[in-house]
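Student: structure of the sequence below:
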Amino acid sequence: VQLQASGGGLVQAGGSLRLSCAASGGTFSSYGMGWFRQAPGKEREFVAAINWSGIYTSSANSVKGRFTISRDNAKNTVYLQMNSLKPDDTAVYYCAADPMGQLRISGYAYWGQGTLVTVSS
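Tutor: Have a look, this model is predicted:
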């Protein structure tokens, strides 16, 4: 399974970005998917997750009400819509896949390369 994250960039505080993660080499529609981030000097942390069907989602308290995870199984892609961005959201964002299709906050089997999000104040 290969995961390709994209959509990062530089944005001002209060702005929005949409990250995408395209999957290939597996059965995307059966995977649980997650987004994580790692800020400079900090450990990687959970951001949001979605189960295989898209019915169930979960997000970290720090992003609730601002970030939304969604998926399009026809396009083999998961998205992270990020609104009301803050400088503290600056990090490298990673997508991950769980072949069991579950809603997870950890224990993902496959990881993509990161995409950098920088929020200026």
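Student: contact partners for the residue nearest the centre of the chain?
Tutor: Closest residue to the average C-alpha location of the chain: W35 at 2.7 Å, with Cα atoms, centre = their mean. W35 is in contact with L19, C21, V47, A48, A49, I69, V78, L80, Y93, Y94, C95, A96, counting by Cβ atoms under 8 Å, 6 or more residues apart in numbering. From N, CA and C alone the C-beta is placed, and that goes for glycine too.
Student: report the beta-bridge partner residues of it.
Tutor: Beta-bridge partners recorded for W35 (DSSP bridges): A48, C95.
Student: wait, which of the contacts of W35 is closest to Y110?
Tutor: Nearest to Y110 among the contacts of W35 is A96, at 6.4 Å by Cβ to Cβ.
Student: wait, that closest one sits on M33?
Tutor: Yes: between A96 and M33 there is a contact at 7.0 Å, judged by Cβ atoms under 8 Å.
Student: neighbour count winner among the two?
Tutor: Taking neighbours as other Cβ atoms under 10 Å, A96 and M33 compare with M33 leading, 31 against 25.
Student: skipping its backbone neighbours, what lies nearest that one in space?
Tutor: Among residues not flanking M33 along the chain, V78 sits closest, at 4.3 Å (Cβ to Cβ, 6 or more residues apart in numbering).
Student: if I look at the one you found, how far off is G41?
Tutor: 27 Å (Cβ to Cβ, to the nearest Å).
Student: among these two, which residue is more densely surrounded?
Tutor: Using other Cβ under 10 Å, the more surrounded residue of V78 and G41 is V78, with 31 against 5.
Student: what helix or strand is the more buried one on?
Tutor: strand 77-82 (DSSP states H and E).
Student: list the buried residues for that strand?
Tutor: T77, V78, Y79, L80, M82 (16 or more other Cβ atoms under 10 Å).
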